[in-house]
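A.B. asks: model this:
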Amino acid sequence: MVTSDNKTADTDEKIFIGKGEQTAWLALALANRHGLVTGATGTGKTVSLQVMAEGFARAGVPVFAADIKGDLSGISEVGEGKDFILKRAKEMGLNFEPDQFSTVFWDVFGEQGHPVRATVTEMGPLLLSRMLDLNDVQEGVLNVAFRVADENGLTLIDMKDLRALLDAIAPAGGKKKGPDAEEDELAEIRKAAQSYGNVSKATVGTIQRQLLVLENQGATKFFGEPALALKDFMKTDSDGRGMVNILVADKLMQSPRLYATFLLWLLSELFEELPEAGDLPKPKLVFFFDEAHLLFDDAPKALMDKIEQVVRLIRSKGVGVYFVTQNPIDVPDKVLAQLGGRVQHALRAFTPRDQKAVNAAAQTFRPNPKLDTARVIMELGKGEALVSFLEGGGTPTMVERVMIRPPTARIGPITPEERKAIISKSPLKGKYDTAVDAESAYEMLQKRVAGTAAPANGADGGGGGGILGQIGSIVGTIFGTNVKRGRMSTGQVIARDVTRSVTNKVIGGVAADLGKAVGGSLGGSIGRSLVRGALGGLLRR
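C.D. replies: Model (predicted):
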């Protein structure tokens, strides 16, 4: 920790961020009012992010942060008393005590951390359309596809499921009619799709091509099972400190739209899953969204409205969201208005747009008569920032020029060997490491074409064979998961969670076999007539 005789150290109520003429504190009780960290490249944004993450973790608050350059990974290792760190601590009247924090690494590609997966059904049509960069017509057809899947018990787990479904709803065309014509086993599905509006073969083909682009970016590894359980983000270690969850995003950032949509999906899942909590003494989770401008670039108005709604309402779920980007103007005004805390590092006004960013940043602070905010923003040195957080009744403090305190964990990336050692000791080791290919839409549609599958709304729900299939059928009957339904009942939710728990905990070949059997009888009904939330994700209440 960083300590001093004048008590500039983290407490149970607030986090020490930095010191100037006044000490900058972040009150834990107001940390769910969100925040913004901005500044030009190389001005110290990552260090500020690490200081805040350390403070939250020390207070017992779990943290999630995307690590684009690898610099944040050092939080997992003991800090080093380097000369510049000791010098800054001395100038601030602090005693530097090295520290480290319990860390879990995640990686969509499963290379430098635990794999992160979601099912296509869970992602929903709205965010998937954003990921695929679809226009309104194409998005409409994708919504039709999801509706048909929900109503016919076709679980969409991975990319091949979605491809098979799109092929199934596309008009057959060129089929012979008459006594010699081949029977179209998918006629009912095609008819159901057309009942919601015109579904043209050309539009389906365009979506299929966009899926290929997404697959080439590595999205095939993201869609699948075992799917991520968000409760695994919200854990504390044996010392009561919050776990620091780091998403390794250096490779993911090569596909900016995939990166932004993935983080937005995580945020929407938190919004849908967590119960209302009101104002707590400290947040349940703090979410750092680096390169936040990617979330808003070219986003259609309908999606922007949904994002603003989620950011505004997730506060009451006990989640704090902190956007990290270069310019304040990267964040739309509606979202910017929801961000109570501000850490502004230096900006350089080399162009008219840069000057606009400086003026916009200055105007977002509560003025301080002692500071010319716009001028100071361009004069800040590395590690300095203009800071304003909420106080008392939720009003922002006057802007102060402060030196950000030095982090207590290591600054900079860890080695591959150190990362491997941390992953090998992870409390989640083995839970997500092996993919499970459960029976889902692809297999179900193949069976229907072959004439071996029961009707989509039949009693067996596409059950698996053998003893496991019988067990699945019995459990499905008890909990009502193998009948067509509207909103999921408590029993159905339990049955689904039991199914997922089994496939999550059993790994290797046994998991794959079990997933196919149970996935057919129970998992196959996950998609039926589901209720979706603000951003198209599943409602699991």
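
A.B. asks: Tell me how many other residues surround Pro256.
C.D. replies: 15 (other Cβ atoms under 10 Å). (Each C-beta comes from the backbone N, C-alpha and C, glycine too.)

A.B. asks: In three-state terms, label the residue nearest to it when sequence neighbours are not counted for me.
C.D. replies: By the measure of Cβ to Cβ, 6 or more residues apart in numbering, the closest residue to Pro256 outside its immediate chain neighbours is Leu294, 4.9 Å from it. Classification of Leu294 by DSSP: H, G, I helix; E, B strand; the rest coil places it in helix.

A.B. asks: Hmm, Ser255 and Leu294 touching each other?
C.D. replies: No: assessed by Cβ atoms under 8 Å, Leu294 is found out of contact with Ser255, at 10.3 Å.

A.B. asks: gap between the two ends of stretch 399-416?
C.D. replies: End-to-end distance for stretch 399-416, by Cα to Cα, to the nearest Å: 40 Å.

A.B. asks: Please point out which parts of that stretch sit buried.
C.D. replies: 399-411, 413-414 (16 or more other Cβ atoms under 10 Å).

A.B. asks: And the furthest pair within these?
C.D. replies: Val399 and Ile414 (34.8 Å; Cβ to Cβ).

A.B. asks: Leaving out the residues flanking it, which one is nearest to Gln194?
C.D. replies: Closest to Gln194 by Cβ to Cβ, 6+ apart is Pro171, at 7.6 Å.

A.B. asks: What values do phi and psi take at that neighbour?
C.D. replies: phi -50, psi 140 (degrees, to the nearest 10).

A.B. asks: residues near it, how many?
C.D. replies: Neighbours of Pro171 (other Cβ under 10 Å): 15.

A.B. asks: Glu225 now?
C.D. replies: 26.

A.B. asks: And for the one 5 residues further on?
C.D. replies: By other Cβ under 10 Å, 16 other residues sit near Leu230.

A.B. asks: Same question for the one 4 residues further on.
C.D. replies: When neighbours are defined as other Cβ under 10 Å, Met234 has 19 of them.

A.B. asks: what sits against it?
C.D. replies: 62, 284-285 (Cβ atoms under 8 Å, 6 or more residues apart in numbering).

A.B. asks: Pull out the buried residues from the residues you listed.
C.D. replies: 62, 284-285.

A.B. asks: Filter the residues you listed down to the ones in strands?
C.D. replies: Cross-referencing the buried ones among the contacts of Met234 against strands under DSSP state E gives Leu285.

A.B. asks: for the buried ones among the contacts of Met234, which one is nearest Lys160?
C.D. replies: Lys160 has its nearest neighbour among the buried ones among the contacts of Met234 in Leu285, at 33.1 Å by Cβ to Cβ.

A.B. asks: Pretty sure Gly318 is one of the things the closest one touches, is it not?
C.D. replies: Yes: assessed by Cβ under 8 Å, Leu285 is found in contact with Gly318 at 7.2 Å.

A.B. asks: Distance of Ala172 relative to Val199?
C.D. replies: 12 Å (Cβ to Cβ, to the nearest Å).
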